[in-house]
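> Output the structure for:
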Amino acid sequence: MRLMVRILHITITLSLLLIGYGSNIVSAANPNPSQEITKWQMKWGDETGNAGKEIPWSEGQQSWMNVDSKKGLPELPSGVSSSWTRISLPDLSYVSPSVYIDTLYALHVRVYVEDRLIFEENRKYIKDNYSLLLPLSKADNGKTLYIWTKTMQDRIGIKESVVIGEHSQLINEYIENGLSDVILGCAFFLVAIVLFISALYISKDYFSSVASLAVVIAATGILSITYSPFIYTFYNKLGPISNVCLDLALFSLLPALTFLFEKLFGSGKFSIIRKFRQFQVLYSSFCLLFLLINLLSNNHYIEFYYFISTTIIGFILILQFILLIACVVMFSLKGNKDAIVFAIGFGTAAFTVVAELLWYYIQKGNYDLFLWKWGLVAFIISLIVILERRLAYNHQQVVNYSRELERFNNELERSEKMEIISELAASVAHEVRNPLQVTRGFLQLLSEKSVNEEQIYMSMALSELDRASNIITDFLTFAKPEFETISSLNLYDEFKHIESIMQPLCHINGGKMILDVSGQLWVKGNSSKFKQAFINIIKNSIESFSEEGFIYMSVYGEDDKVIIHIKDNGEGMDADVLHRLGEPYFTKKNKGTGLGLMVTFRIIEAMQGEVRFTSKKGVGTESITILPLAEAPDDSYSL
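Numbers count the residues shown, from 1 in each chain. Sure thing, here's the model as predicted:
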């Protein structure tokens, strides 16, 4: 997306620089500057006249009116469709003199130097914008230029000025007239093709949005190309086809733009956007039908078709821009960032287009729209930015979904392992514990009668049997985490008890414990299981000490939760070890079983809580346990 915007920007910039650079070179090389003529004379034609084949020599001066181009075109009288213009040529002190008329409004044009016809063209389609470059000779000094024009519209004649100058200089202006519009339109069309091809490879959810954006960009490009006078000046035979392409682009642009807006922001209140789009589709279909009828009738209904396809659509376009701007302002006020981007781009386009259309109607058609395409450039860039944001957001959602899926898979794998161990523990633990207890009893009796080395061996055997018994106890706790008795636990009392139990072991390992409990906090659970869970965590922290260590226990309430932090300055863990905490049989201790933290996780889960660990190698480890806050029992009291 960004690459397409950059290509479009570079293409426009280079084309304008090259055009301007070429003009400057020619101007600097020409010793004789061009002459601008802004005043001439006009007279209205006679409908019963000779269709511009006879120059009105004999008519008196009173029938001609003086025209100043700086004051605008004279208003065409009712019932009149043709006019004559005469211009007195100055001294032609040029090697190859030419006369250049940037904009001449007419459909049928004849140009004479005195009685010599030097140009004639008759357009059978509604495109009344001519650009003329007419070669002259030095023999034409002081002669009069006669221009006969005929139209079917409300404007006629020369728009601004007539330039007399060197042909080699004027031809550059002649060629450049509308060329930038063609370059811009081709860039738009290329971007639209690339965008549409890209839409074939993206999610179906975004295909309609990207495809409609491609239609909007392509239609804008076609409008820019076909509206340019360059096409009608140099490729006049393509005029009818170009005119049809312009209408088709306009008929597709309006519904596609509204559809894109609907896909991005919804149908709006009372589904007004969708209803307006449906109206546009119906009206565009009606215009297409009438276009076909007009073409088959050899432009017999050209005036009515021009009215419905240009005048009425102009008002629909203004209404559409006002409607979309109102909707996008509402979305922007709600904090929608896409709506803000859309508002900037669309506001720029809407302001230029609406302002130009209003000015076009104020000037009664004596104005050529040209700013609209630059406003649409800003608008299209904003649309590309919005879709890029949507696609990036969609990609991020896919990434997040993948991460969530991976996490769920890990949880499922862990749950399956826990289920297997739970079933194994439930079926085996009781059967194993009974023979262990019997064996321990007999070994204890034998140890009383043993002496010397036998006493040492008996003591080691009893120690290992006790360790096996503790493992079985862990198995039973894991297999049956539900609590036989549930009560309200005062966390201050519980942790003071835990501290008194673990303090001696902490001192033996050269550490100290700090307890900080904020206020009276209560949770629901079983006291012995609760202590077992946190004794396992604290024991791991004590065993991680390498030098003088500390364990900081912090308990506080937050909304309806209790947060318990247990932090140490032990050796810490790497990320891969941290990720595996709580897995059965995973341990870093020489005589560890990996069941301690597994039991802790099960107890906390049974209390509707969660526990997570953070650690850094060489810095320490911190456990964060979150439990539901319980109400204090009625017989409790505050200190």
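> before we move on, which element is Tyr100 in?
strand 97-105 (DSSP states H and E).
> do the same with Ala249
Element membership for Ala249 (DSSP H and E) is helix 239-265.
> and that helix, average pLDDT?
Across helix 239-265, the average pLDDT comes to 85.
> Can you name every helix or strand that that helix contacts?
In terms of contact count using 3 or more CB pairs under 8 Å, 6 or more residues apart in numbering; DSSP states H and E, helix 239-265 is assigned the packing partners helix 204-227, helix 229-234, helix 272-296, helix 312-333, helix 337-362, helix 372-449. Where you see a C-beta, it was placed from the backbone N, CA and C, and this is true even at glycine.
> For the third one, list every residue counted as buried.
If I follow you right, that is helix 272-296. In terms of neighbour count (16 or more other CB atoms under 10 Å), helix 272-296 has its buried residues at Ile273, Phe276, Arg277, Gln280, Val281, Tyr283, Ser284, Cys287, Leu291, Asn294.
> With respect to burial, which of the helices and strands packed on helix 239-265 scores highest?
Relative to the other members of the helices and strands packed on helix 239-265, helix 204-227 carries the highest mean neighbour count by mean count of other CB atoms under 10 Å, namely a mean of 21.
> gap between that helix and the chain center?
Taking CA atoms, centre = their mean, to the nearest Å, one finds helix 204-227 lying 16 Å from the centre of the chain it belongs to.
> and Leu92, that one's in a strand?
No. Leu92: not assigned to a strand; according to DSSP: H, G, I helix; E, B strand; the rest coil it is coil.
> Pull the number of nearby residues for it.
Here the neighbour count serves as a burial measure; for Leu92 (other CB atoms under 10 Å) it reads 21.
> Please list all residues in contact with it.
Leu92 makes contacts with Leu136, Ser137, Lys138, Asp140, Asn141, Ile164, as judged by CB atoms under 8 Å, 6 or more residues apart in numbering.
> again, only this time at 7 Å
Residues in contact with Leu92, defined by CB atoms under 7 Å, 6 or more residues apart in numbering, are Leu136, Lys138, Asp140, Asn141.
> List just the nearest of those to Ile603.
Using CB to CB, the shortest approach to Ile603 within the contacts of Leu92 belongs to Leu136, at 103.3 Å.
> Chain neighbours aside, what residue packs nearest to the closest one?
Pro97 (4.4 Å; CB to CB, 6 or more residues apart in numbering).
> how many other residues sit next to that neighbour?
Pro97 is flanked by 24 other residues according to other CB under 10 Å.
> and what of the one 5 residues further on?
Using other CB under 10 Å, the number of residues around Asp102 comes to 19.
> switch to numbering from 28
New numbering, starting at 28: the last item is Asp129.
> the helices in the stretch 528-666 of the chain, which residues?
For the stretch 528-666 of the chain, the helices identified by DSSP state H, counting those that start in this stretch occupy 554-570, 602-606, 622-633, in order along the chain.
> Could you point out which of those helices sits nearest Ile340?
helix 602-606 (63.3 Å).
> just how off-centre is the strand holding Tyr127 within its chain?
Computed by CA atoms, centre = their mean, the chain-centroid distance of strand 124-132 equals 46 Å.
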